[in-house]
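>>> Here is a sequence with its predicted model. Questions after.
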Amino acid sequence: MARKSIKRNQYQENNDSWKGNDAGYKAFHVRVKIARGIAKTYGCSNCGLNDKNKRYEWSNLTGDYNNIWDYKSMCVKCHRAYDRKRKDVDKNA
């Protein structure tokens, strides 16, 4: 008879594949989605749009990707505009 496997804690640091602050861009956004839910439930924090048929994304505010509270839900249009503006500011700094 086979031995019954025991459920192990594979969350964050307990997982051999965990990269912490060295994770990629997409992994940070996945962490936000897991911790805070899908952005659509919040609507756009920038323009106030709250159309359930539109797409919403988590937008990082300051570049601190590891901080799940440094993201706001934005519609695609506002997210792209916000990222362009932030990129221009970083380029001129």
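Sure, I can see it. Numbering: from 1, shown residues only.

>>> all strands of this structure, in order?
Here the chain has its strands, by DSSP state E, at 56-60, 71-75.

>>> In JSON lines, list those strands along with mean pLDDT, mean neighbour count and distance to residue 37.
Every residue, glycine included, has its C-beta placed from N, CA and C. As requested, the strands of the chain are exported to JSON lines (pLDDT from 0 to 100; neighbours: other Cβ atoms under 10 Å; distance: least, Cβ to Cβ, whole Å):
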{"stretch": "strand 56-60", "mean pLDDT": "93", "mean neighbour count": "22", "distance to residue 37": "10"}
{"stretch": "strand 71-75", "mean pLDDT": "94", "mean neighbour count": "23", "distance to residue 37": "9"}
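
>>> Using TSV, lay out those together with distance to residue 27.
Putting the strands of the chain into TSV (distance: least, Cβ to Cβ, whole Å) gives the following:
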stretch	distance to residue 27
strand 56-60	13
strand 71-75	13
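
>>> what residues are up against residue 47?
Going by Cβ atoms under 8 Å, 6 or more residues apart in numbering, residue 47 touches 75, 77-78.

>>> swap the cut-off to 6 Å and go again
residue 78 (Cβ atoms under 6 Å, 6 or more residues apart in numbering).

>>> can you tell me which residue is nearest the centre of this structure?
The centroid of the chain falls nearest to residue 29 when counting by Cα atoms, centre = their mean (2.5 Å).

>>> residues touching the spatially closest residue to that residue that is not a sequence neighbour, list them.
In space, and not counting its chain neighbours, residue 29 is closest to residue 58: 5.6 Å by Cβ to Cβ, 6 or more residues apart in numbering. By Cβ under 6 Å, 6+ apart, the residues touching residue 58 are 29, 32, 39, 71.

>>> chain center to the longest helix along the chain: distance?
Using DSSP state H, we find that the single longest helix of the chain is helix 76-92. With Cα atoms, centre = their mean, to the nearest Å as the basis, helix 76-92 stands 17 Å off its chain's centre.

>>> Next one: the residue nearest to the centre of the chain from residue 38, what distance?
As judged by Cβ to Cβ, to the nearest Å, residue 29 and residue 38 stand 11 Å apart.

>>> Kindly report the same for residue 57.
According to Cβ to Cβ, residue 57 stands 10 Å off from residue 38.
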